[in-house]
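S.K.: With the sequence up front, the predicted model follows.
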Amino acid sequence: MDVMTIVGPVALCIGAIAAVAALYALFTFIKDRRREKRETHAPRHRKQ
């Protein structure tokens, strides 16, 4: 049994997990950025 027959599928799985994690981080960053923009442009209510 060759080492590459084991390393290949393991590397593929790790790469797929890393790609999904990167996409999740990107979407979370974009969503958070939109919320920050919305909060800065929204009128603030004062407590009286």
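M.R.: Received it, and whenever you're ready, just let me know what you need.

S.K.: make it CA atoms for all contacts and neighbour counts henceforth
M.R.: Will do.

S.K.: Quick check: the gap between Thr28 and Leu12.
M.R.: Using Cα to Cα, to the nearest Å, we find Thr28 at a distance of 24 Å from Leu12.

S.K.: Neighbours of Asn11, how many?
M.R.: Rather than Asn, residue 11 is Ala. Ala11: 12 surrounding residues under other Cα atoms under 10 Å.

S.K.: got the contact list for it?
M.R.: Shown in contact with Ala11 (Cα atoms under 8 Å, 6 or more residues apart in numbering): no residues.

S.K.: does it sit in a helix, a strand or a coil?
M.R.: Secondary structure of Ala11, reduced to three states by DSSP: H, G, I helix; E, B strand; the rest coil: helix.

S.K.: Let me see the confidence value for it.
M.R.: Per-residue confidence (pLDDT) for Ala11: 97.

S.K.: Where does the prediction get shaky in this structure?
M.R.: Under the criterion pLDDT under 70, the flagged ranges of the chain are 42-48.

S.K.: Give me the distance between the residue nearest to the spatial centre of it and Glu36.
M.R.: In the chain, the C-alpha nearest the mean C-alpha coordinate belongs to Ala25, at 1.3 Å (Cα atoms, centre = their mean). Ala25 sits 16 Å away from Glu36 when distances are taken as Cα to Cα.

S.K.: ditto for Phe27
M.R.: 14 Å.

S.K.: which stretches of the protein form helices?
M.R.: Ranges of helices within the chain are 3-41, based on DSSP state H.

S.K.: How about the contacts made by Ala19?
M.R.: Per Cα under 8 Å, 6+ apart, neighbours of Ala19: none.

S.K.: Could you shift the numbering so residue one becomes 56, and keep it that way?
M.R.: Yes, from this point I'll number from 56; that puts the last item at Ala74.

S.K.: Right, I'll leave it there.
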